[in-house]
Structure formats: structure tokens, C-alpha cells
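Enquirer: Have a look at this prediction, sequence included:
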Amino acid sequence: MSLFYRFFDEQINLLKEKGYEEKTTNSPNVEGTLFSEFQRNFSFALHRRYGEDDAVDFSISGIGYFNEHKDVVCFKFNYQFDPNKCDLSIKSIELLSAGKHREILVQSPKDIPHSSQAPERLRNRNHVRPRQMDSNFCRTSENRRRR
């Protein structure tokens with residue numbers, strides 16, 4: 001198995017285990033959209049760094065509806081690929097809902113909350129910080145709604 005597909009399988013399995021599939025998050029996006037975005041962005045990152053030693057960052061984003069569609073949460077996974085270490089890792093997850101933002105630093109898979117915990121993580125005032133609204137944060141997800 002190539003390195004690309006090994007990393008791809010590892011990350012997709014982790015996202016599935018943590019509940020970040022369109023069906024699980026009640027996303028309006030077509031099933032598999034998040035994983036396709038990962039494949040595309042990771043492939044692009046590899047091509048940008050082919051033959052170079054610098055690490056490259058990329059992200060994927062999605063949207064979920066929780067608590068009977070009362071809570072809408074946008075989430076963004078920030079990745080880094082380091083060709084020197086032959087390492088792909090999630091550096092942080094950003095959650096955004098109703099003007100509340102939270103960035104969760106990820107040092108190991110156990111730091112990644114299950115998707116169902118996202119609304120609660122944003123409600124916990126100790127962990128939420130104000131943020132200038134970025135209109136592009138969920139734009140890719142909003143453009144992929146089911147027809």
C-alpha cells in the first residue's frame with residue numbers, strides 16, 4: 001500500500017471513529033464529501049511539497065446539525081504533513097456556532113472530541129473565545145448541500 005493511501009485510510013478511519021461523517025452529523029452535504037475533500041487537499045499538499053523538506057498545512061471543513069437541528073456547528077480540521085518525518089497529523093480542530101469559536105489543539109487522537117460533543121464544547125464558556133466571523137469558514141460546506 002502506498003504511503004498516500006496508508007495516511008488516507010488512517011485519517012478517514014479516525015474521522016469515522018469520532019463521528020465526523022455526513023450521516024452521523026446530520027450534515028446537509030452529500031455523504032462522503034468530507035472524505036473527498038480530505039483526499040483532494042492532501043493530494044494537493046503532497047504535490048506542492050514533492051521533493052521539498054518543508055511541512056505543509058491544509059484543512060478540511062464540514063457542518064453538522066445536532067440536538068434535533070437546534071445546534072448548527074461548523075468544524076474545520078487543520079492538518080500538517082511533514083515529509084521529513086513522513087508524518088501526517090491533525091494539529092487542531094476549530095468549532096464555530098452562533099458566533100462562538102473554539103480551537104482544540106490536538107496532540108493525540110484522544111484529544112479529538114466525538115462530533116456529538118461539539119455543541120457542548122461550544123457551550124462551555126471556559127473554553128469559548130470570541131472570534132471575528134470568517135465568512136469562508138463553512139462556505140465550502142454550504143455550497144455542497146444535498147439537492
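Expert: Looks like it arrived, so ask away. Model, not experiment: these values are computed from the prediction. Numbers count the residues shown, from 1 in each chain.
Enquirer: Point out where the protein drops to low pLDDT.
Expert: Across the chain, the ranges flagged by pLDDT under 70 are 1, 49-51, 125-147.
Enquirer: For it, which segments are assigned as strands?
Expert: 56-66, 71-82, 87-97, 100-105, 129-130 (DSSP state E).
Enquirer: which stretch among those strands comes nearest Asn26?
Expert: Closest to Asn26 of the strands of the chain is strand 56-66 (CB to CB; 4.1 Å). C-beta: built from backbone N, CA, C; applies to glycine.
Enquirer: State which helix of the chain is the longest.
Expert: Looking across the chain with DSSP state H, the single longest helix is helix 33-49.
Enquirer: May I see the buried residues of that helix?
Expert: Thr33, Leu34, Phe35, Glu37, Phe38, Gln39, Phe42, Ala45, Leu46 (16 or more other CB atoms under 10 Å).
Enquirer: Dump it to PDB, keeping only the CA atoms.
Expert: Only the C-alpha atoms of helix 33-49 are listed here, as PDB (Å, rounded to 0.1, in the frame of the first residue of the first chain):
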ATOM      1  CA  THR A  33     -17.900  15.000   0.800                       C
ATOM      2  CA  LEU A  34     -15.600  15.500   3.800                       C
ATOM      3  CA  PHE A  35     -13.500  12.500   2.900                       C
ATOM      4  CA  SER A  36     -13.300  13.600  -0.800                       C
ATOM      5  CA  GLU A  37     -12.200  17.000   0.400                       C
ATOM      6  CA  PHE A  38      -9.500  15.300   2.600                       C
ATOM      7  CA  GLN A  39      -8.300  13.200  -0.400                       C
ATOM      8  CA  ARG A  40      -8.200  16.300  -2.700                       C
ATOM      9  CA  ASN A  41      -6.400  18.600  -0.200                       C
ATOM     10  CA  PHE A  42      -3.900  16.000   1.000                       C
ATOM     11  CA  SER A  43      -3.100  15.100  -2.600                       C
ATOM     12  CA  PHE A  44      -2.600  18.800  -3.400                       C
ATOM     13  CA  ALA A  45      -0.400  19.300  -0.300                       C
ATOM     14  CA  LEU A  46       1.800  16.300  -1.300                       C
ATOM     15  CA  HIS A  47       2.200  17.700  -4.800                       C
ATOM     16  CA  ARG A  48       3.100  21.100  -3.500                       C
ATOM     17  CA  ARG A  49       5.900  19.600  -1.300                       C
END
